[in-house]
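*Asks:* Here is the input, now give the coordinates:
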Amino acid sequence: EIDLALAFGRDQFRRQHYEEAAATFSDVLARARAKGRHETSTIAALLLGPALSDLGRLDEAERVFEQLIADCIAHDDRFHLAAAYGNRAWLWSAKGEIDRTADDLRHASQLARESGQAVVERSVVHNLSEQMLWEGKLDEALQLARRGLSLQSRAAEGGTGLDRLLLARV
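*Replies:* Next up, the predicted model:
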């Protein structure tokens, strides 16, 4: 039942029904933690934080991310820890804390690289490259865009169109 609710929440999130998704994820998170379901609670928190950020509920989102990161560290769950840092960038971006956004994306990239999670690393370096481009840090943006294209070409499914477009923009 918890997993079905999580799947329903993911569908709400994908449809950008963030208010409904946040309510669903909050419920799933509480029930999964009560039952000791680490992976289910982790996935719920990974999506609850961005949903709350998009809704402007930034203090609540920050608490979700703090607990999520602490749980991932306690469980030595480096895969989800990388995703948590990557997703927390949504919060810092919403708060206008650009330096913290970049720090979390760099941390997520390093964790993903260390654990061989090329798809996660590609997503993170793509986002970080975008941010460096916005900040006018073109040398770093170029390096990151090239890394993202390389990862997408070698280790991910799907095309490289978005990566090539970013590289051209830089």
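*Asks:* contact partners of whichever strand or helix holds residue 65?
*Replies:* In the assignment (DSSP states H and E), residue 65 maps to helix 58-74. Residues from elsewhere that reach helix 58-74 (Cβ atoms under 8 Å, 6 or more residues apart in numbering): 29, 38, 41-42, 45-46, 48-50, 52-53, 77-78, 80-81, 84-85, 87-88, 90-91, 94-95. The C-beta positions use only the backbone N, C-alpha and C, and glycine is treated the same way.
*Asks:* Next, the buried residues of the following helix or strand past it.
*Replies:* On the C-terminal side of helix 58-74, the closest following helix or strand by DSSP H and E is helix 78-95. Going by neighbour count (16 or more other Cβ atoms under 10 Å), the buried part of helix 78-95 is 80-94.
*Asks:* which SS state does residue 113 fall under?
*Replies:* Under DSSP: H, G, I helix; E, B strand; the rest coil, residue 113 falls in the helix class.
*Asks:* I misspoke; the intended subject was residue 126.
*Replies:* Look at residue 126: counting by three-state DSSP, its state is helix.
*Asks:* List the residues that contact the residue nearest to it when sequence neighbours are not counted.
*Replies:* Excluding the flanking residues, the one nearest residue 126 by Cβ to Cβ, 6 or more residues apart in numbering is residue 148, at 4.4 Å. Residue 148 makes contact with 122, 125, 126, 129, 163, 166 under the criterion Cβ under 8 Å, 6+ apart.
*Asks:* Just among those residues, which is most surrounded?
*Replies:* The most crowded member of the contacts of residue 148, judged by other Cβ atoms under 10 Å, is residue 125 (29 neighbours).
*Asks:* what comes up buried for the one helix or strand residue 107 maps to?
*Replies:* Per DSSP H and E, residue 107 falls inside helix 98-114. For helix 98-114, the neighbour count (16+ other Cβ under 10 Å) marks 101, 102, 104, 105, 107, 108, 109, 111, 112, 113 as buried.
*Asks:* got CSV for those, with distance to residue 141 and pLDDT too?
*Replies:* Below are the buried residues of helix 98-114 laid out as CSV (distance: Cβ to Cβ, whole Å; pLDDT from 0 to 100):
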residue, distance to residue 141, pLDDT
101, 14, 95
102, 11, 95
104, 17, 97
105, 12, 97
107, 18, 96
108, 17, 97
109, 14, 96
111, 21, 96
112, 19, 95
113, 18, 94
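*Asks:* is it possible to export the residues you listed to JSON lines including distance to residue 158?
*Replies:* Output for the buried residues of helix 98-114, formatted as JSON lines (distance: Cβ to Cβ, whole Å):
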{"residue": "101", "distance to residue 158": "25"}
{"residue": "102", "distance to residue 158": "26"}
{"residue": "104", "distance to residue 158": "25"}
{"residue": "105", "distance to residue 158": "21"}
{"residue": "107", "distance to residue 158": "25"}
{"residue": "108", "distance to residue 158": "20"}
{"residue": "109", "distance to residue 158": "19"}
{"residue": "111", "distance to residue 158": "22"}
{"residue": "112", "distance to residue 158": "17"}
{"residue": "113", "distance to residue 158": "20"}
